[in-house]
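1. Coordinates for the following, if possible.
(2 chains)
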Amino acid sequence: MGWELGCLYTATAPSILLRRRVSESLKRRRIEFGVLKGDDLRRRKPVALFLRDSDSAPLSSSGFIDRTVDMDELLFAIGRTSEEEELYALLSPYKCRKLSVRFMVSLLSREKDWQRSLALLDWMNDIARYDPSVYAYNVVLRNVLRAKQWEIAHGLFDEMRQRAISPDRYTYSTLITHSGKEGLFDDALSWLQKMEEDGVPGDLVLYSNLIELSRKLRDYSKAISIFSKLKRSGITPDLVAYNTMINVFGKARLFHEARSLIGEMTTSGIIPDTVSYSTLLAIYVENKKFTDALSVFSEMRKMKCPLDLTTCNMMIDVYGLLDMAKEADKLFWSMRKIEIEPNVISYNTLLRVYGDAELFGEAIHLFRLMQRKDIEQNVVTYNTMMMIYGKTMEHEKADNLLREMQGKKIEPNSITYSTMISIWSKVGKLDRAAMFFQKLRRSGVEIDQILYQTMIVAYEKAGLVGHLKRLLAELKFPDNIPRESAVLVLAGAGRIEEAAWVFRRAVDGGEIKTIGVFKRMISLFYRYRKYGNVIEVFDRMREAGHFPDSKTIGFVLNAYGKRSEIDKAENLFREMQEEGCVLSSDVHSQMLNLVGMKKLTEKLQMNDESQ
DNA sequence: CTAGGGTTAG
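-> Numbers count the residues shown, from 1 in each chain, chains lettered A, B, ... in the order given. Prediction:
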């Protein structure tokens, strides 16, 4: 005789009265109770969990019962139990019953908490004596990795091996993705190697993950070349892959290519979604191409693509950046009409828009509204308001905000500090800025790149040569910050000599891992017309195995041009194209110009000789 | 029945 677990629902949150009535109704039917759960589930609201004899009539007559559901939904509710032991206790009475693996797995798939999912897996293993599937392990692995429990993840992987459960492409994709996301690139590569050893074939998601990895390393050219490899091997990219690539092309500043992906998607039968458009929006905004962003937005509306919270937030931003504060304001206040509840980002963005438009009264009003209506305020809210007080030169009020946020347990971050330093520097209180900076360093707060830069600039402006020299010396021989960061700080502060010196030593020591530092040095040298150095850094970048992007190649081609080394430029251009590097139209025309110049020079020389 | 995508402050 089969027992079945079930769950009762109402569409709205069950009242205590309703719960009591359901409970009585079940008792009348001699139905044994499991757990009574209330209103803690957001979407569906289980009233009661129960066990019933599956031969009995379906429960439908009480009027309170919308439907009976699968056991997995019941188990989902049990899975909400906060304590691991409690969960164990709840499940152990069922160990003799025939709960199918499917139900357990279904429960697992909904479980987001890594400890509880581990408990479920253990329960399956130890108490229920099931053999968890690869899928079950994958789910737990995902949760464990999301919680950054690397050791446990390795343990799970070993456990799979011991139980002769072969990791599949999901297992490896999960491992590779999460390692990559956390910057553990060596781990990611070793998982990739293991995967290849296992003979697990790569698929769309694996390629997507590798693209993701390259993206994390800001190696967009590599991402692009993986994408073309993917297409060449006959895999059709899906919506997410396309959306990722819109971002990648955008980051590589290949805007035309990014935008044309929307068309490519449509022709391959994939309808671009809100994320496709908002990704495109984001890259235009990032590159200050606000009118392009506007045109994407109108295209999006023309295609009847629904708006969502993120898109609205981005558009409030765009309107603000285009000095269209009125439109930003209008969009913000019309969000609720299309059933989108503004979040803290929406409010923060509008605050900044008001600030930029010098609508200080509106900004302060909105800020007070947030406080009055108890809308979440975060560190960005405070930083934005402090910036506004900086604009109005009310440094005392900014000071007060700093205290206020600390009173509310909102931790100031380095942006808060550099905002304060800039404000004091601006109102001529440089001693105060310097003291503040010293205090920060003593307190052990991490001094990030821009904070350093802000301080270098403040010292320069104040003419505090002693302080400035000390700070620069510290960056030249960094002991508490990575040398990569030191290079970026010095470059950002326009200290080319110091930056170049540290960079060389760091490259020699193999300490430059990310392509971004190479790119930064190349553009810095280019800006200061040090073309020989541009080429030198480029060569070292290639030696380090990085794949250059279109913009960087543009700098190098021009550098060759300035040194009248057109042949080398031509070789590089050809080589890059052969390696599958997508070059922007700017770079193409640059090359044409260089070749044209060369031909012109040769012609002139021939004319000279013939005379 | 898994894994991968977009937004705010210096």
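
2. so where's chain A shaky on pLDDT?
-> The model of chain A has pLDDT under 70 over residues A:1-103, A:106, A:609-611.

3. end-to-end on stretch A:577-590?
-> 15 Å (C-alpha to C-alpha, to the nearest Å).

4. Stretch A:305-312 too?
-> First-to-last residue span, stretch A:305-312, C-alpha to C-alpha: 13 Å.

5. how far does it sit from the chain's center?
-> Offset of stretch A:305-312 from its chain centre (C-alpha atoms, centre = their mean, to the nearest Å): 18 Å.

6. now stretch A:591-606
-> 46 Å.

7. Identify all contacting residues around that stretch.
-> The contact list for stretch A:591-606 (C-beta atoms under 8 Å, 6 or more residues apart in numbering) reads A:557, A:560-561, A:566, A:569-570, A:573. From N, CA and C alone the C-beta is placed, and that goes for glycine too.

8. Closest one to residue A:139 out of the residues you listed, please.
-> Closest approach between the contacts of stretch A:591-606 and residue A:139, by C-beta to C-beta: residue A:573, at 48.6 Å.

9. in chain A, which spans are strands?
-> Counting by DSSP state E, chain A has strands at residues A:3-10, A:32-36, A:45-53.

10. Quick one: residues contacting residue A:495.
-> Going by C-beta under 8 Å, 6+ apart, the list of residues near residue A:495 reads A:456, A:472.

11. of the contacts of stretch A:591-606, closest to residue A:532?
-> Set against residue A:532, the nearest of those by C-beta to C-beta is residue A:560 (10.6 Å).

12. Now for the closest residue to that closest one other than its chain neighbours, how many residues are close by?
-> Among residues not flanking residue A:560 along the chain, residue A:569 sits closest, at 3.8 Å (C-beta to C-beta, 6 or more residues apart in numbering). Residues near residue A:569, counting by other C-beta atoms under 10 Å, number 23.

13. Equivalent analysis for the one 10 residues further on, please.
-> A count of nearby residues for residue A:579, using other C-beta under 10 Å, gives 11.

14. who's in contact with it?
-> Here residue A:579 is in contact with A:225, A:547 (C-beta under 8 Å, 6+ apart).

15. which bits of the stretch 401-550 of chain A sit near DNA strand B?
-> A:413-419, A:422, A:448, A:450-451, A:454 (C-beta under 7 Å from any atom of the strand).

16. Would you mind checking those residues for buried ones?
-> In these, burial by neighbour count holds for A:413-419, A:422, A:448, A:450-451, A:454, counting by 16 or more other C-beta atoms under 10 Å.

17. how close does the residue in the stretch 501-611 of chain A that DNA strand B sits nearest to sit to residue A:341?
-> The nearest approach of the stretch 501-611 of chain A to DNA strand B comes at residue A:516, 14.6 Å away (C-beta to the nearest atom of the strand). Separation of residue A:516 from residue A:341 (C-beta to C-beta, to the nearest Å) stands at 37 Å.

18. Which one of those two is surrounded by more residues?
-> Between residue A:516 and residue A:341, counted using other C-beta under 10 Å, residue A:516 has the larger neighbour count: 15 against 8.

19. Quick one: neighbours of the spatially closest residue to that one that is not a sequence neighbour, just the number.
-> Nearest residue to residue A:516 in three dimensions, chain neighbours excluded: residue A:218, at 4.9 Å (C-beta to C-beta, 6+ apart). For residue A:218, the neighbour count with other C-beta under 10 Å is 17.

20. which residues sit against stretch A:144-159?
-> Outside stretch A:144-159, the residues that reach it (C-beta under 8 Å, 6+ apart) are A:112, A:114, A:117-118, A:137, A:140-141, A:167, A:171, A:174-175, A:178, A:182, A:184, A:187.

21. which of the residues you listed come close to DNA strand B?
-> A:174, A:178.

22. What is the burial count for residue A:336?
-> Neighbours of residue A:336 (other C-beta under 10 Å): 10.

23. Contact partners for it?
-> Contacts of residue A:336 (C-beta under 8 Å, 6+ apart): residue A:342.

24. Please report how far it lies from residue A:300.
-> In terms of C-beta to C-beta, residue A:336 sits 20 Å off from residue A:300.

25. what do you get for residue A:421?
-> 40 Å.

26. before we move on, what about residue A:280?
-> Taken as C-beta to C-beta, the span from residue A:280 to residue A:300 is 9 Å.

27. So for those two, which residue has more residues nearby?
-> Set side by side, residue A:280 and residue A:300 show more neighbours around residue A:280, with 27 against 22, by other C-beta under 10 Å.

28. Quick check: nearest residue in space to that one, chain neighbours excluded?
-> residue A:296 (5.1 Å).

29. you'd agree that neighbour is up against residue A:282?
-> No: contact criterion C-beta atoms under 8 Å: residue A:296 and residue A:282 do not qualify, at 9.8 Å.

30. For DNA strand B, what is the nearest residue in chain A?
-> For chain A, C-beta to the nearest atom of the strand, closest residue to DNA strand B: residue A:205, 2.3 Å.

31. what ranges do the helices span in the stretch 351-500 of chain A?
-> Assigned by DSSP state H, counting those that start in this stretch, the helices in the stretch 351-500 of chain A fall at A:360-372, A:379-391, A:395-407, A:414-426, A:430-442, A:449-462, A:465-476, A:483-492, A:496-508.

32. What helices and strands are in contact with the first one?
-> In this structure, helix A:360-372 makes packing contacts with helix A:344-356, helix A:379-391, judged by 3 or more C-beta pairs under 8 Å, 6 or more residues apart in numbering; DSSP states H and E.
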